[in-house]
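Sequence and predicted structure below; questions after.
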Amino acid sequence: RVELYGSLAATGHGHGTHRAVLAGLMGATPVDVDVAELNAFFEEANTTYTITLNKMSIPFKEEDIFFDYTPNDFKHANTLKFVLLKSHHPQLESLFYSIGGGFIEKEGETIENDVAQAVPYPYNNMEELLQQLAQHQLPLCELLIANEMAITGLSQAVIFEQIEEIMVVMHQSVVGGLQKEGILPGGLQVSRRAKGMMDKAQELTTKNRLAEALFARLNAYALATSEENAAGQMVVTAPTNGAAGIIPAALEYLRQDCLIPTDKLKRGLLVAAMVGFIIKDNASISGAELGCQAEVGSAAAMAAALFSYCYDGNSYEIASAAEIGMEHHLGMTCDPVKGLVQIPCIERNANGVIKAYNAYLLASGRTTKPLVSFDTVVEVMRQTGEDLCAKYKETARGGLATNFAMSGS
């Protein structure tokens, strides 16, 4: 039996959590899963699937996944319990927490935080990173890659090969989304708009309305990946699936429209990841913990840093861009209608990449030191998220999620 608690239960059907659970129990990983097979799970009622554990075949049905909507005192809003049964009696239980961005913690296991001892240039926040850069007179990416090599034990070449694999999937999600039209699954009757938005961008370009064309292109790229995610297709968790359209949109614009070389894009993605990890380590990237500010806000900060790096911003401009990107998402609630990653999530991704681009512009144009630091904004985001009412944290029990029918949107 699989038991889902908190936000995993509240939005489990809309997010396809039940199908993902079955896919994992059947041995699939996020990288190699057959997407078509995944999306077909539980389509037919009373279907029995087979799970193989230690050469033992265990029958599994949709009814073996229990959605517990009652309040609980687990330490994280996304909690998952696996229970091995014999004659309906529990024999073994394992408790897991999905802490955002694909990261998983198991109850009872201590994660040794020995990264600081393992890397040549340790830092816990942006201020410490900037101090390391100043002390050692290193380019940002040189420091990041040195730390990454120390943590992973991989060579620089292999690390960049893996980054390129991520970029390929991001590109494919944009391309796939731009080619498709029609209604997204889930029952909300949400239409795909990426292709039409790209047509609009091309029309605006021919009319020499270039500023609008820029926004339309960024919108189209973000809508494309977000719509693919809503349709259950392959995307990259960057930093989460709910915010998965922002980084691919930034990359696509930089590659396709600005002709930024691939090698520079790889390094830019490393910089974006650095921003995401600082947020994760000092606050959270989980909408179930801190609201949508932790998802779209974090992604916008990462994309702003990516834009700044690829446009040759220095480390202080990159930090400033990330700060502005996060600052102007503070307080954003996570209120998906029907638990689906569609309304308001898809448009929030489009707005997120626009804000990220503007954050880069604001950071690049300043000549004075920011009065508010990136680390301060991350801390404020954490405090704000903790103060948010629980119904605004990916539970689909407040905000747009409960007022959608009334508004007729």
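Perfect, I can see it now.

rest of the way, CA atoms for contacts and neighbours
Fine.

Name the SS class of residue 85, please.
Following DSSP: H, G, I helix; E, B strand; the rest coil, we place residue 85 in the strand state.

In terms of helices and strands, where is the closest residue in space to it that isn't next to it in sequence?
In this structure, residue 85 finds its nearest non-sequential neighbour in residue 91, 5.5 Å apart by Cα to Cα, 6 or more residues apart in numbering. Using DSSP states H and E, residue 91 sits within strand 89-100.

Now do that strand: which elements does it pack against?
strand 78-86, strand 103-106 (3 or more Cα pairs under 8 Å, 6 or more residues apart in numbering; DSSP states H and E).

of all the ones you listed, which gets the most neighbours per residue?
For those, the largest average neighbour count (mean count of other Cα atoms under 10 Å) is found in strand 78-86, namely a mean of 17.

Okay, angle between that strand and strand 89-100 too, please.
Strand 78-86 runs at 160 degrees relative to strand 89-100, counting by axes from the mean of the first three to the mean of the last three Cα atoms, to 10 degrees.

ok, and for the strand or helix carrying residue 66, which residues are buried?
Residue 66 belongs to strand 65-68 when assigned by DSSP H and E. Of all the residues in strand 65-68, those buried under the rule 16 or more other Cα atoms under 10 Å are 65, 67.

Return the distance of that strand from the chain's centre.
24 Å (Cα atoms, centre = their mean, to the nearest Å).

re earlier: hmm, who's touching the strand holding residue 91?
The set of residues external to strand 89-100 that reach it, using Cα atoms under 8 Å, 6 or more residues apart in numbering, is 76, 78-85, 104-107, 239-240, 284-287.

where does this protein have low pLDDT?
Counting by pLDDT under 70, the chain contains low-confidence residues at 110-117, 405-409.

coming back round to it: among the helices and strands packed on strand 89-100, which is nearest residue 365?
Nearest to residue 365 among these is strand 103-106; the distance by Cα to Cα comes to 36.1 Å.

on that earlier part again, the residue nearest to residue 85 and residue 63: what is the separation?
Noted for residue 91: a distance of 19 Å to residue 63, by Cα to Cα, to the nearest Å.

Residue 312 now?
Remark: distance between residue 312 and residue 63 (Cα to Cα) = 54 Å.

before we move on, what about residue 353?
From residue 353 to residue 63 the distance is 40 Å (Cα to Cα).

What strands flank the strand holding residue 91, and is each parallel or antiparallel?
strand 78-86 (antiparallel), strand 103-106 (antiparallel) (DSSP bridges).

and residue 58, helix, strand or coil?
Following three-state DSSP, the label given to residue 58 is strand.

Name the nearest residue to it, sequence neighbours excluded.
residue 51 (5.0 Å).

Correct me if wrong, but that neighbour is in a strand.
Yes - Residue 51 forms part of a strand when assessed by three-state DSSP.

related to what we said a few turns ago, give me the more crowded residue out of residue 353 and residue 63.
residue 353 (32 against 14; other Cα atoms under 10 Å).

Residue 300 is in contact with the more buried one, correct?
Yes - using Cα atoms under 8 Å, residue 353 is in contact with residue 300, at 6.0 Å.

what residues do the two have in common as contacts?
Residues touching both residue 353 and residue 300 (Cα under 8 Å, 6+ apart) are 246, 247.

Just give me the residue right at the centre of this structure.
residue 240 (1.6 Å; Cα atoms, centre = their mean).

Skipping adjacent residues, who's closest to it in space?
The spatially closest residue to residue 240, leaving aside those adjacent along the chain, is residue 101, at 4.5 Å (Cα to Cα, 6+ apart).

And for residue 33?
Spatial nearest neighbour of residue 33, excluding adjacent residues (Cα to Cα, 6+ apart): residue 23 at 7.5 Å.

So what touches the helix or strand containing the one you found?
Element membership of residue 23, judged by DSSP H and E, is helix 17-25. Under the contact criterion Cα under 8 Å, 6+ apart, helix 17-25 has outside partners 8, 12, 29, 33, 38, 39, 41, 42, 51, 62, 65.

Spatially, and excluding backbone neighbours, which residue is closest to the first one.
The shortest distance from residue 8 to any residue other than its chain neighbours is 5.1 Å, reached at residue 78 (Cα to Cα, 6+ apart).

so what's that neighbour bridging to?
Note on residue 78: beta-bridge partners by DSSP bridges are residue 6.

Please report the distance of it from residue 329.
Distance, residue 78 to residue 329, using Cα to Cα: 22 Å.

So for stretch 58-78, what gets flagged as buried?
By neighbour count with 16+ other Cα under 10 Å, stretch 58-78 contains the buried residues 60, 61, 62, 65, 67, 76, 77, 78.
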